[in-house]
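**Q** need coordinates for the following:
(4 chains)
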There are 2 protein chains.
Amino acid sequence: MAKRLRQKDIAQLAGVSQATVSLVLNAAPATQARIPAETRERVEKVIRETGYVADPVARRMVKGLNRILGVFTYEPAFPSEQADFFTPFLFGIEEAAQALGYDLLLLTGAGTQRKIFAENVRLRLADGCVILGRKFDNTELARLVAGDFPFVAVGRRDDAGGPVPYVGGDYAPATSALVERARALGHRRIAYVGLNEGAESTIDRWYGFSRAIGDAELVASIFAVDRPPAETLDILVSAGASCVFFTELADAMRVEAVARERGLSVPGDLSIVVLGNHIRADEPGRRFTSFAIPREAMAKAATEMLVRRVENDAPVEQLLLPCEPVEGDTLGPLSPKTKKTR
Amino acid sequence: MAKRLRQKDIAQLAGVSQATVSLVLNAAPATQARIPAETRERVEKVIRETGYVADPVARRMVKGLNRILGVFTYEPAFPSEQADFFTPFLFGIEEAAQALGYDLLLLTGAGTQRKIFAENVRLRLADGCVILGRKFDNTELARLVAGDFPFVAVGRRDDAGGPVPYVGGDYAPATSALVERARALGHRRIAYVGLNEGAESTIDRWYGFSRAIGDAELVASIFAVDRPPAETLDILVSAGASCVFFTELADAMRVEAVARERGLSVPGDLSIVVLGNHIRADEPGRRFTSFAIPREAMAKAATEMLVRRVENDAPVEQLLLPCEPVEGDTLGPLSPKTKKTR
DNA sequence: TTATCTAGCTAATACGTATTAGCAAAAAGA
DNA sequence: TCTTTTTGCTAATACGTATTAGCTAGATAA
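**A** Numbers count the residues shown, from 1 in each chain, chains lettered A, B, ... in the order given. Okay, the predicted model is just below:
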């Protein structure tokens, strides 16, 4: 590999000093920089012809910005099983970065540690960082909040020694709306399957559910995920639930399949609602009544927020984007048979 | 935030020089560094108590290479329709980069132009670049080959003013194997649907097909993609083809559907072979007899090759990875009825 | 006692960039 | 013509780390 070109080399080719190259590159107002057009053009020509780009590391040493946005994911961004989780987010991030003239640096250099502040994570190489993951490390979050490095989280985050800048989905009201819809359809024996604590997205769903349940009764709750579907269905049936809310699509799908095997009809005998949605519109299988998570829009808005923080030292912003309902076909009226037998 | 601690500060607290702090931190063999245990422990204590961590950016300044790999895609990587194409490749790249301690720079500056040498593409931010896409720009490829910037293409590429470093799929023998299998099953009237020129992957498939056809007859060839499936089927039927090879899965799927509508059985009346494979294992519909494209492995190997070029100025390598056959259920024996009526 | 060797550091400098004080020559003003 | 101002740069230095030649004091050998 040819040695990386330095400004010193460009200076030599253009017949000026390194300081002049730097001044030209940084396009200070002509009146300020005091470089005449002829000199500037000569230097720009050399830069163009050589493809020279300033070393981002050196620039960051002297506190310069590189128009690079870091992307840190607590899980690998592209593994087969995760591909559908991160892809829409990455699309949103890339779209915004592109429009704003920023390149994206995926901080993979840390290896398998998956810690923002792991030894080899060169967070500072980027001007700022978008952070994604199902579950954040709150110690790291607090450290980021306490520090001066600009970042934005995708997904709502509780305060961590101070307010966390984020763009999330407004899961609580979206959940409430689905609960209210179920109640409007006559459902009074309702169940909830999924975690109710831990990640903020989980807490929001439970909050929205609890707030909207009203005069309906929570006849069963399973604050867990990945339970054997048959067992889950047993609990739901023996509790006489007519409508069940799942936080995880995968759980809903498995239980729906078992219900079908047992001759239960969905939504005739049991309505199923998912507090989230299919990532892929063309996914096989049942279309569950749910709400749409605006992943791309969240990530896009987070990226734009980050750039505001990088460029203007903008104050902390916290934004929740609405989640539109998805009709699906798994929530239906309380049927007379269902009501009578329970 | 407290000002970032430097080694100079640690040195002051420990009563040594900055150079000593660095030597302690880098744990050179004691015999080499000549720092006695007492001094070392005193410095380590200060480091521990202050939580000092060396600035990765400053470290990189003195080491030269930035350990950044560019990723350039000739098509946008993340819009929904392309995600399935690029995701497995990106997984392979990420995996390798992670293992090798490199960060990945997504070059968004290309925007809608999708040119490596477009004005806003800051190629030289990275130490080297992996290049992906269905179709490459040969002018740019030639420029890369002529230049000194390390790159590796994913997918076989013809020479461009010199050999192109690449990792591709070995499509020709994989195609030949499928043709030989069809002949072994008795097929003698064979058809080919898809391009036979243009991209190297296309050329390799046609080459492998042509080489293996032997005493069988090419009774129909449609060197095009995206033809109306009914029209394609008409040509195949009137030519009396008993087995057809498609380069594009999408074309095969459409023709198979039309064949089914017409009461033709696959593979009973017409065998269909796809020279490639489903990207997603859980995709709906027919499982075609095909071969597996080792996308992840290709990208992983390309990334590793690139790092060899970046770190060791390694010579041009060109690697083709084998494509394992996928059984599927669309290729079957030449049936007596088929033979008799044609 | 003198000469030589060794241990324990440190001063200096490299890395590539951005910034700024300041120099020298040319231009403008008196 | 002399003085002041302006223009067009450049030398010097900061950033935080890693590296190494070299200094000094103490220990060892003659």
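
**Q** could you use CA atoms for every contact and neighbour count after this?
**A** Fine.

**Q** residue contacts, the residue positioned nearest the centre of chain A?
**A** The centroid of chain A falls nearest to residue A:154 when counting by CA atoms, centre = their mean (3.8 Å). Neighbouring residues of residue A:154 by CA atoms under 8 Å, 6 or more residues apart in numbering or on different chains: A:130, A:131, A:132, A:133, A:166, A:167, A:168, A:298, A:299, A:302.

**Q** lowest-confidence one in those?
**A** Of all the contacts of residue A:154, residue A:133 has the smallest pLDDT value, namely 86.

**Q** how far away is the nearest residue to residue A:225 once chain neighbours are set aside from residue A:292?
**A** Distances taken as CA to CA, 6 or more residues apart in numbering or on different chains place residue A:194 nearest to residue A:225, at 5.2 Å, with adjacent residues excluded. Using CA to CA, to the nearest Å, residue A:194 is found at 18 Å from residue A:292.

**Q** same thing with residue A:304?
**A** Residue A:304 is 21 Å from residue A:292, by CA to CA.

**Q** the stretch 1-150 of chain A: helices as residue ranges?
**A** A:7-14, A:18-25, A:30-33, A:37-50, A:56-61, A:83-100, A:138-146 (DSSP state H, counting those that start in this stretch).

**Q** can you list the ones you listed in CSV and add mean pLDDT?
**A** Output for the helices of the stretch 1-150 of chain A, formatted as CSV (pLDDT from 0 to 100):
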stretch, mean pLDDT
helix A:7-14, 93
helix A:18-25, 92
helix A:30-33, 58
helix A:37-50, 91
helix A:56-61, 91
helix A:83-100, 85
helix A:138-146, 90
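
**Q** distance of residue A:165 from DNA strand C?
**A** If you measure residue A:165 against DNA strand C using CA to the nearest atom of the strand, to the nearest Å, the figure is 27 Å.

**Q** check contacts around that residue.
**A** Applying CA under 8 Å, 6+ apart, the residues contacting residue A:165 are A:151, A:152, A:153, A:316, A:317, A:318.

**Q** the fifth one: neighbour count?
**A** I take that to be residue A:317. 16 (other CA atoms under 10 Å in any protein chain shown).

**Q** check contacts around it.
**A** Neighbours of residue A:317 in contact, by CA under 8 Å, 6+ apart: A:164, A:165, A:166, A:305.

**Q** three-state assignment of the first one?
**A** To tie it back to what came earlier, the one meant is residue A:164. coil (DSSP: H, G, I helix; E, B strand; the rest coil).

**Q** among the contacts of residue A:317, which two are most distant?
**A** Within the contacts of residue A:317, A:164 and A:305 form the most distant pair, 12.2 Å apart (CA to CA).

**Q** got any residues that touch both of these two?
**A** With CA under 8 Å, 6+ apart, residue A:164 and residue A:305 have common neighbours A:152, A:317.

**Q** from the contacts of residue A:165, pick the one nearest residue B:15.
**A** Checking these one by one against residue B:15 (CA to CA), the nearest turns out to be residue A:151, at 36.1 Å.

**Q** and that closest one, how close does it get to residue A:87?
**A** 20 Å.

**Q** and residue A:220, that one's in a strand?
**A** Yes: using three-state DSSP, the assignment for residue A:220 is a strand.

**Q** ok, it - how many residues close by?
**A** Neighbours of residue A:220 using other CA under 10 Å come to 20.

**Q** who does the residue in the stretch 151-300 of chain A that DNA strand D sits nearest to form a beta bridge with?
**A** Using CA to the nearest atom of the strand, residue A:151 is the residue of the stretch 151-300 of chain A that sits closest to DNA strand D, at 20.3 Å. Listed beta-bridge partners, residue A:151: residue A:129 (assigned using DSSP bridges).

**Q** tell me the contacts of it?
**A** Per CA under 8 Å, 6+ apart, neighbours of residue A:151: A:128, A:129, A:130, A:131, A:144, A:165, A:306, A:309.

**Q** how about the residues of the stretch 1-150 of chain A by DNA strand D?
**A** Proximity of the stretch 1-150 of chain A to DNA strand D, by CA under 7 Å from any atom of the strand, involves residues A:15-20, A:33-36, A:38-39, A:58, A:61-62.
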